[in-house]
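1. Generate a structure from the sequence data that follows.
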Amino acid sequence: MRSVAAAIGLTPSPLSTPISNCGPAILIFHFVFAYGILSSRTLKQYYGIDHNVSPREDLNKYGDAAVRDGKLTQSQLNMLRRTEAAHANSVENYTLLVAGITMASVAGVSPQTINAAGLTYTVARVGYAAVYILVDRPALSQLRGITWWVGNLTCLYLLWEAGRLLST
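-> Model prediction:
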């Protein structure tokens with residue numbers, strides 16, 4: 001039976017099959033995560049404040065009125081605003097991940113390294129999103145910055161490794 005580490009591409013499987021580069025799967029997951037899962041549209045539709053004509057302005061235009069009308073609480077509105085911010089940051093950050101995974105793959109960085117970096121990035125970004133959306137206390141919100149840096153440093157590490165291999 002394969003170990004968990006072998007199943008996710010961090011170590012060779014007992015059958016001596018080569019380790020697969022999970023980079024494309026990591027990119028697909030993070031595209032869906034950033035553009036779909038973290039989108040606030042579903043929550044805004046649930047609360048009845050989604051306006052498809054100008055959805056980026058929903059919370060600014062209609063959020064306070066929705067609180068006054070009892071459609072949602074101030075806490076829910078604040079969480080929706082944090083959800084939109086987490087979504088925007090994940091979309092912005094996706095480019096760095098694509099660059100890191102692509103450059104590392106093209107340069108010949110080992111699949112184990114790419115997979116480990118991708119797993120680290122994934123854990124960091126899921127943690128980032130959870131902290132951003134769910135935490136509203138200043139002291140605990142510092143965890144968001146830590147997870148943001150872990151994810152970015154993972155991508156920068158892949159770029160560094162790619163550059164090292166390409167310059168030799």
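2. looking at the protein, which residue lies furthest from center?
-> Asp69 (33.5 Å; C-alpha atoms, centre = their mean).
3. check contacts around that one.
-> Contact analysis of Asp69 by C-beta atoms under 8 Å, 6 or more residues apart in numbering lists nothing. The way it works is simple: take the backbone N, C-alpha and C, and place the C-beta from them, glycine included.
4. Would you quantify the distance from it to Arg82?
-> 21 Å (C-beta to C-beta, to the nearest Å).
5. Now do the SS call for the residue nearest to Ala104 when sequence neighbours are not counted.
-> Of all residues not flanking Ala104 in the chain, Leu158 sits nearest, at 4.2 Å (C-beta to C-beta, 6 or more residues apart in numbering). Three-state call for Leu158 (DSSP: H, G, I helix; E, B strand; the rest coil): helix.
6. Could I get the CA-only coordinates of stretch 145-153 as PDB?
-> The C-alpha trace of stretch 145-153 is given here as PDB (Å, rounded to 0.1, in the frame of the first residue of the first chain):
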ATOM      1  CA  GLY A 145       0.100  37.900   7.300                       C
ATOM      2  CA  ILE A 146       2.100  34.900   8.400                       C
ATOM      3  CA  THR A 147       0.200  32.600   6.000                       C
ATOM      4  CA  TRP A 148       0.500  35.100   3.200                       C
ATOM      5  CA  TRP A 149       4.300  35.200   3.600                       C
ATOM      6  CA  VAL A 150       4.600  31.400   3.800                       C
ATOM      7  CA  GLY A 151       2.700  31.100   0.500                       C
ATOM      8  CA  ASN A 152       4.700  33.800  -1.300                       C
ATOM      9  CA  LEU A 153       8.000  32.600   0.000                       C
END
